[in-house]
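Q: Pasting a predicted model and its sequence here:
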Amino acid sequence: MSETPASLELTYRSDAALLVAYATHLTRGQLPVQTTARLPTGTPLHLRLVAPAASISLTGIVSGISGSTEIPEVALSVTSRAEALHEAVDRLAFGFKGLKALVAASQAAPRALLIRYLRSIVTCEMIEIDQTKLAEPGAICNVDLAVIDLDSTGAAGYELYARLREHPEAGNAPVLACAQLERDRARAASLGFDEALANPPAFGDLQTAALRSLAKPIGLTLTEAAGR
């Protein structure tokens with residue numbers, strides 16, 4: 001293996017997503033990514049983190065590989081804590097006004113629970129979708145995160161998910177599903193929902209799923225070093 005570092009660029013859909021990645025991973029010197037690229041343990045890396053208002057360069061090393069053999073999760077240890085990272089995060093945090101989150105549930109009680117949980121996890125503006133708005137094409141807009149209660153919304157919940165994915169701005173935002181039955185959670189996962197949780201979800205499970213989904217980059221570009 002060449003000692004020359006490969007270059008890995010990670011693109012985040014919003015400045016808030018990069019802030020979440022910093023809070024959940026980079027503060028511990030770690031950065032998990034999913035990639036099919038061949039990155040053996042010990043591979044040195046030049047890292048570039050790109051968001052709409054920031055571009056940060058770091059160095060790192062592949063510290064472990066886990067998960068699926070088709071799309072493994074690669075654990076990166078950040079070996080440099082550039083001052084530019086802290087300065088960029090400070091600028092992003094100063095301008096952070098909160099996320100925009102969509103919660104869809106036909107019944108008031110589960111909708112209120114999800115909203116309460118999300119507001120306890122991260123500062124966010126809420127867009128509520130009830131049974132009267134599920135079929136409205138204009139009910140959705142650009143959001144950073146969506147949670148859909150599939151038990152109360154049924155087929156309309158799946159249609160809402162499809163509309164979100166087709167939205168020109170919200171299409172790459174993470175969407176979480178909540179469902180009581182395992183078969184419904186499995187269906188949601190097969191359709192591409194980012195996470196499928198029990199219904200009602202435990203607070204800790206929703207917190208982990210929301211932060212994990214928000215912190216994922218939407219783009220990954222690897223330039224392997226010559227001689228690898």
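A: Structure's in. What do you need?

Q: in what helix or strand does the nearest residue to residue 145 once chain neighbours are set aside lie?
A: Using Cβ to Cβ, 6 or more residues apart in numbering and skipping residues adjacent in sequence, the residue nearest residue 145 is residue 101, 4.7 Å away. All C-beta atoms are positioned from the backbone trio N, CA, C, and that covers glycine. Element membership for residue 101 (DSSP states H and E) is strand 99-104.

Q: For the helix or strand following that strand, which helices and strands make contact with it?
A: The C-terminal neighbour of strand 99-104 among helices and strands, as given by DSSP H and E, is helix 108-121. For helix 108-121, the packing partners by 3 or more Cβ pairs under 8 Å, 6 or more residues apart in numbering; DSSP states H and E come out as strand 99-104, strand 124-129, strand 145-149, helix 203-214.

Q: got the CA positions of the last one in CSV?
A: In CSV, the C-alpha atoms belonging to helix 203-214 read as follows (Å, rounded to 0.1, in the frame of the first residue of the first chain):
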residue,chain,number,x,y,z
PHE,A,203,-36.6,8.8,22.5
GLY,A,204,-33.1,7.4,22.4
ASP,A,205,-33.8,5.5,19.2
LEU,A,206,-35.2,8.5,17.5
GLN,A,207,-32.3,10.7,18.7
THR,A,208,-29.7,8.2,17.4
ALA,A,209,-31.5,7.7,14.0
ALA,A,210,-32.1,11.5,13.4
LEU,A,211,-28.5,12.5,14.2
ARG,A,212,-27.0,9.6,12.3
SER,A,213,-29.1,10.5,9.2
LEU,A,214,-28.5,14.2,9.4
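
Q: mind listing what's buried in it?
A: Residues of helix 203-214 classed as buried by neighbour count (16 or more other Cβ atoms under 10 Å): 206, 207, 208, 209, 210, 211, 212, 213, 214.

Q: Pretty sure the residue nearest to residue 145 sits against residue 146.
A: Yes. At 7.1 Å, residue 101 and residue 146 qualify as touching, with contact defined as Cβ atoms under 8 Å.

Q: ok, now which ones touch residue 172?
A: By Cβ atoms under 8 Å, 6 or more residues apart in numbering, the contact set of residue 172 is 13, 218.

Q: now it: how far from residue 217?
A: Computed with Cβ to Cβ, to the nearest Å, the distance linking residue 172 and residue 217 is 10 Å.

Q: With distance to residue 223 and mean pLDDT as added columns, please give the helices and strands packed on helix 108-121 in JSON lines.
A: Supplementary listing: those in JSON lines, determined by distance: least, Cβ to Cβ, whole Å; pLDDT from 0 to 100:
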{"stretch": "strand 99-104", "distance to residue 223": "31", "mean pLDDT": "95"}
{"stretch": "strand 124-129", "distance to residue 223": "35", "mean pLDDT": "93"}
{"stretch": "strand 145-149", "distance to residue 223": "31", "mean pLDDT": "97"}
{"stretch": "helix 203-214", "distance to residue 223": "26", "mean pLDDT": "97"}
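
Q: Select, out of these, the one closest to residue 190.
A: With Cβ to Cβ as the criterion, residue 190 lies closest to strand 145-149 of the helices and strands packed on helix 108-121, at 15.1 Å.
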